[in-house]
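A.B. asks: Quick one: sequence and predicted model below, then my questions.
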Amino acid sequence: MQPQSLADIITDPIIFLEDLFSKLDDIGLDLDKYPLDHLCYRVSSLDEYKLKKSELMNFGELLIESMVNHRLISTFKLHKPIVFKNRNIDLLELPAPKPGHSYKSGLEHVEFVTKEPLEKVVERYPQFAFEVFGIHKKINADITLKLGEYCIRFHNQSLEEVIKLEKKLGSKKQNHNV
């Protein structure tokens with residue numbers, strides 16, 4: 001049976017975003033000034049990855065499927081963006097599970113873009129325990145803040161810009177985020 005909507009494949013992204021932004025409100029983190037670049041949908045198995053990838057082809061253009069940290073990641077540009085409040089989100093990331101790791105299937109994180117150095121974001125919010133292990137990556141450095149079962153990430157470039165750059169460079173080893 002063919003999925004009728006994007007929500008049939010990834011669950012309702014609006015409910016996920018409302019829950020996530022409620023958690024951000026609860027801790028007093030206002031991210032209105034940061035563009036929300038994309039959502040990430042995790043899967044629990046390689047078979048589920050293949051199924052979701054196939055289903056998502058009906059709702060977006062596959063921009064890239066690449067090997068990142070020993071597993072495939074697909075990025076889709078949605079035909080119709082997810083509209084949440086004043087934001088249009090048109091990218092969806094679908095990573096296969098990392099070997100030896102287990103994940104709960106579902107929407108897991110969002111990624112924001114900032115033009116300021118990532119170190120400045122960490123300094124601005126000293127009350128939050130940002131993970132900074134990805135801050136020095138050569139391509140698409142990031143910082144992460146975990147919020148229970150969800151997390152948010154900050155980058156200096158949009159995922160679509162990173163994909164264009166990597167395609168231009170012909171990079172086989174991509175390290176853009178997850």
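C.D. replies: Cool, got the structure.
A.B. asks: Could I get the buried residue list for the host helix or strand of residue 74?
C.D. replies: Following DSSP states H and E, one finds residue 74 within strand 71-84. Using 16 or more other Cβ atoms under 10 Å as the test for burial, strand 71-84 gives 71-78, 82, 84. Where C-beta positions appear, they are placed from N, C-alpha and C, glycine not excepted.
A.B. asks: Kindly indicate which of the residues you listed lies nearest residue 104.
C.D. replies: Proximity of the buried residues of strand 71-84 to residue 104 (Cβ to Cβ) peaks at residue 71, which lies at 16.1 Å.
A.B. asks: got the contact list for that closest one?
C.D. replies: 95-99 (Cβ atoms under 8 Å, 6 or more residues apart in numbering).
A.B. asks: Neighbour count, pLDDT and distance to residue 146 for those residues - can I get that in CSV?
C.D. replies: Output for these, formatted as CSV (neighbours: other Cβ atoms under 10 Å; pLDDT from 0 to 100; distance: Cβ to Cβ, whole Å):
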residue, neighbour count, pLDDT, distance to residue 146
95, 21, 96, 17
96, 25, 95, 21
97, 18, 93, 18
98, 13, 89, 17
99, 9, 85, 22
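A.B. asks: Closest to residue 165 out of these?
C.D. replies: Closest to residue 165, out of all of the contacts of residue 71 and judged by Cβ to Cβ, is residue 95, at 19.3 Å.
A.B. asks: where do the helices sit along this structure?
C.D. replies: When secondary structure is read from DSSP state H, the chain shows helices at 6-10, 13-26, 46-56, 118-124, 159-169.
A.B. asks: Understood, closing this out.
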